[in-house]
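# fold the following for me, if possible:
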Amino acid sequence: MVVNVIFTSVLFHFSGVLSIFTQPNSDIVALKDSVEVEFDINVTNMSIKLTYLNGNISILEDSLTNLNESFIIPCDKLKYGGVYIITVNDSDDLLESDIIVLHWPKVRFEAPHSIEIYRSGFVLTLSLTQSVCYVDDIDFTLELVFCGPRTDNLCVLPVLQSLRTVNDLYSKKLVQLKYDCQTIGKPGLYYFQLLFGQEVVAKSDPIFANINEDYFLSFVGNSIFPCEEVRNMFTFDS
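Numbering: from 1, shown residues only. Below is the predicted model of the structure:
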């Protein structure tokens with residue numbers, strides 16, 4: 001699908017009028033939608049540049065040689081969610097568009113809603129909920145976060161529990177990751193979040209970890225200080 005942008009005509013410094021666009025009415029999703037840029041100009045040589053501002057990454061540079069030209073930015077160039085800007089210039093003058101905000105493709109998490117600590121491992125499945133344009137994979141960071149011994153869904157002081165790299169989600173569309181039984185060792189609230197840089201791309205539903213009643217540590221001592229004649233067995237749960 002090609003998303004057309006809203007245009008506002010403004011005077012450009014050199015002879016002519018250039019249409020620049022503002023935020024589209026419809027949402028644009030990375031790797032799903034293309035963006036069409038239209039021009040009404042009376043110069044014959046210009047260049048166009050697309051920049052991803054979140055990482056200050058130059059995505060696309062091309063030349064424009066025709067009057068009244070329409071230029072389509074294909075969806076496979078728009079592989080990041082976040083903020084983009086387009087600039088056009090004729091080597092002497094430059095004009096910038098308003099920002100264009102793209103949404104990340106939606107990611108589904110499939111994981112147990114509740115587990116018993118030290119009982120068994122589990123599998124986390126990540127999948128894209130939509131078809132995407134073919135593109136090279138990018139590196140995501142997958143974090144497992146511990147929120148403390150909570151029974152609600154609030155996470156006030158998250159603590160990083162596990163960190164992994166996911167670098168094949170776009171090409172495979174579905175990725176399964178195995179976690180052993182030692183991954184979650186404390187009862188409480190956990191969740192997964194997928195990040196690109198510092199930006200949270202997607203977040204799982206909460207996972208509640210409960211005490212494993214079969215797991216305990218026992219210690220038999222000769223006595224309890226200061227009562228040397230008393231024998232006792234100390235039992236510590238998980």
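
# can you give me the helices for this structure?
With helices called from DSSP state H, the chain shows them at 169-172.

# measure the spatially most central residue of the chain to Cys75 for me?
Geometric centre of the chain, nearest residue: Val201, 1.8 Å, by Cα atoms, centre = their mean. Val201 is 17 Å from Cys75, where distance means Cβ to Cβ, to the nearest Å. For every residue, glycine as well, the C-beta is placed using N, CA and C.

# where do the domain boundaries of this structure fall?
Here the domain parsing of the chain from automatic domain parsing is 2-103, 107-210.

# between those, which gets the lowest average pLDDT?
Lowest mean pLDDT of the domains of the chain: domain 2-103, a mean of 68.

# pretty sure Val35 is one of the things Ile48 touches, is it not?
No - taking contacts as Cβ atoms under 8 Å, Ile48 lies outside contact range of Val35: 11.4 Å.

# more neighbours: these two, which one.
Val35 (23 against 19; other Cβ atoms under 10 Å).

# mind listing the residues bridging to the more buried one?
Beta-bridge partners of Val35, counted by DSSP bridges, are Val3, Ile73.

# and the residue lying closest to Ser204 once chain neighbours are set aside, how far from Asn212?
Nearest residue to Ser204, sequence neighbours excluded (Cβ to Cβ, 6 or more residues apart in numbering): Phe109, at 3.6 Å. Distance of Phe109 to Asn212, given as Cβ to Cβ: 24 Å.

# and Gly188, by the same measure?
To Asn212, Gly188 is 13 Å away according to Cβ to Cβ.

# next one: Ile57
Noted for Ile57: a distance of 46 Å to Asn212, by Cβ to Cβ.

# same question, His103
Relative to Asn212, His103 is positioned 40 Å away (Cβ to Cβ).

# hmm, Leu31 and Cys75 touching each other?
Yes - contact criterion Cβ under 8 Å: Cys75 and Leu31 qualify, at 5.8 Å.
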